[in-house]
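[1] mind looking at a prediction? Sequence and model below.
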Amino acid sequence: MVCKGFSRCDLISYLTKCLFLFILALSSGMIVASALIIWKMLMCVTGSESPVVVVLSGSMEPGFKRGDILFLHMSRDPIRAGEIVVYNIDGRDIPIVHRVIQVHERKDTGEVDILTKGDNNDEDDISFYAPGQRWLQRHHIMGRAVGFLPYVGWATIIMSENPLIKYILTGALGLLVIA
Amino acid sequence: MHSFLYRANALLTFSITILALMCAMASVSDNFNSPSPTSEVQVLNINWFQKKPDGDDEVSLTLNISANLQSLFTWNTKQVFVFLAAEYKTPKNALNQVSLWDGIIPSKEHAKFGIHITNKYRFIDQGSNLRGKDFNLTLHWHVMPKTGKMFADKIVMSGYRLPKAYR
């Protein structure tokens, strides 16, 4: 076809470019959306605000090492000694994964007082709690660990400690979408 | 379409899928194990028994714990966490669980043991209810897998009683 000036040919190539960009945006959106869907689904299924946590310290070794992933579950079942719970102290950002070693459950209200300890620590957790706090209550507990996957959490640890790697990976992923 | 990156991506996705599937299968295979652990605990001595200045009762025990947990171990078992808890009721609390001793069993060879110890963690009540108290000693275990679902169970041993007077 011979084209002169702004013709059908130009229009077609312009539309093709538009379409290409549109598909690109769509597939990037799909990746973000499906990640979000998986995360929200896990939240629904497990009933926990953060269904997956990465172990950051060695306080539960040799059971859980740094970089391992724990799956959490939050149910109405009463908390019992021996369970591994994730708790958050008021005024502290980082949740802690430790084992319950003492439980005192009220007869009338069903409220619980819980004491925790890391398997690899010599002392119980009272020193981690807020000043003057002796026990954890139900509302401190974010979930209990039910499943375990080794090593996978290293990806997040590396990425959060070296932002450069995060940008390189995101860039590579972007290239993959275009390719 | 079939660029280097595209092929690398496909290979990576495939290997991760296979790995995830193998992890899931290893975890599922744990369900075919039906363990039959045994345990026996004796309270050999009440070392001392007193009311602390803040009003809570505290007791120190000497225990003899023997158990055989070898049947808990499968090829997907990393370790077994075992602990002995005193469990009792008080007028205020429907349940009190106080861990007295715990241990980590790294392998099947160490899963048959007999030990003679004083309580590793302090046995303190919330209040002053321990005199003449009947309590259970429960051996709990939590099986930590190499990957997958964690298992837990227990053996309840009843018929223990604390003395009627402080000593």
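    Now that the structure is in, tell me what you want to look at. If you're wondering where the values come from, they're calculated on a predicted model, not measured in any experiment.

[2] C-alpha from now on. contacts and neighbour counts both.
    Noted.

[3] how about B:N64, what does it touch?
    Neighbour list for B:N64: B:V41, B:Q42, B:V43, B:L44, B:G114, B:I115, B:H116, B:I117 [criterion: Cα atoms under 8 Å, 6 or more residues apart in numbering or on different chains].

[4] actually B:W48, not the one I wrote
    B:V59, B:S60, B:L61, B:Y166, B:R167.

[5] circling back to that earlier point, ok, so of the contacts of B:N64, who is nearest chain A?
    B:I117 (16.9 Å; Cα to the nearest Cα).

[6] walk me through the domains of chain A.
    Here the domain parsing of chain A from automatic domain parsing is A:8-46, A:52-154.

[7] can you add mean pLDDT and distance to B:L5 and give those back as CSV?
    Output for the domains of chain A, formatted as CSV (pLDDT from 0 to 100; distance: least, Cα to Cα, whole Å):
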stretch, mean pLDDT, distance to B:L5
domain A:8-46, 85, 16
domain A:52-154, 88, 22
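
[8] which one of the ones you listed has the most crowded surroundings?
    domain A:52-154 (a mean of 18; mean count of other Cα atoms under 10 Å in any protein chain shown).

[9] please list the residues of chain A that sit near chain B.
    A:63, A:80-82, A:101-108, A:146-150, A:176, A:179 (Cα under 8 Å from any Cα of the partner chain).

[10] tell me the bridge partners for the residue nearest to B:L139 when sequence neighbours are not counted.
    Nearest non-adjacent residue to B:L139, counting by Cα to Cα, 6 or more residues apart in numbering or on different chains: B:L84, 4.5 Å away. Beta-bridge partners recorded for B:L84 (DSSP bridges): B:W101, B:L139.

[11] please apply the same query to A:F148.
    Per DSSP bridges, the residues bridged to A:F148 are A:L70, B:G148.

[12] please, where are all the strands along chain B?
    B:38-51, B:57-68, B:77-88, B:93-105, B:112-118, B:123-124, B:134-145, B:148-149, B:151-161 (DSSP state E).

[13] ok, now chain A?
    With DSSP E as the criterion, chain A has strands spanning A:52-54, A:69-73, A:84-87, A:96-106, A:112-117, A:141-149.

[14] how does chain B divide into domains?
    B:1-29, B:33-161.

[15] in the shortest one, what's buried?
    What it means is domain B:1-29. Neighbour counts over domain B:1-29 (16 or more other Cα atoms under 10 Å in any protein chain shown) mark B:L5, B:C23, B:A26, B:S27 as buried.

[16] related to what we said a few turns ago, can I get the domains of chain A in CSV including distance to A:S160?
    Formatted as CSV, those follow (distance: least, Cα to Cα, whole Å):
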stretch, distance to A:S160
domain A:8-46, 18
domain A:52-154, 10
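
[17] now the longest helix seen in chain A against strand A:69-73, angle please.
    In chain A, taking DSSP state H as the definition, the longest helix is helix A:8-46. Computed by axes from the mean of the first three to the mean of the last three Cα atoms, to 10 degrees, the angle separating helix A:8-46 from strand A:69-73 equals 70 degrees.

[18] and helix A:8-46 with strand A:141-149, angle?
    110 degrees.

[19] good, wrapping up.
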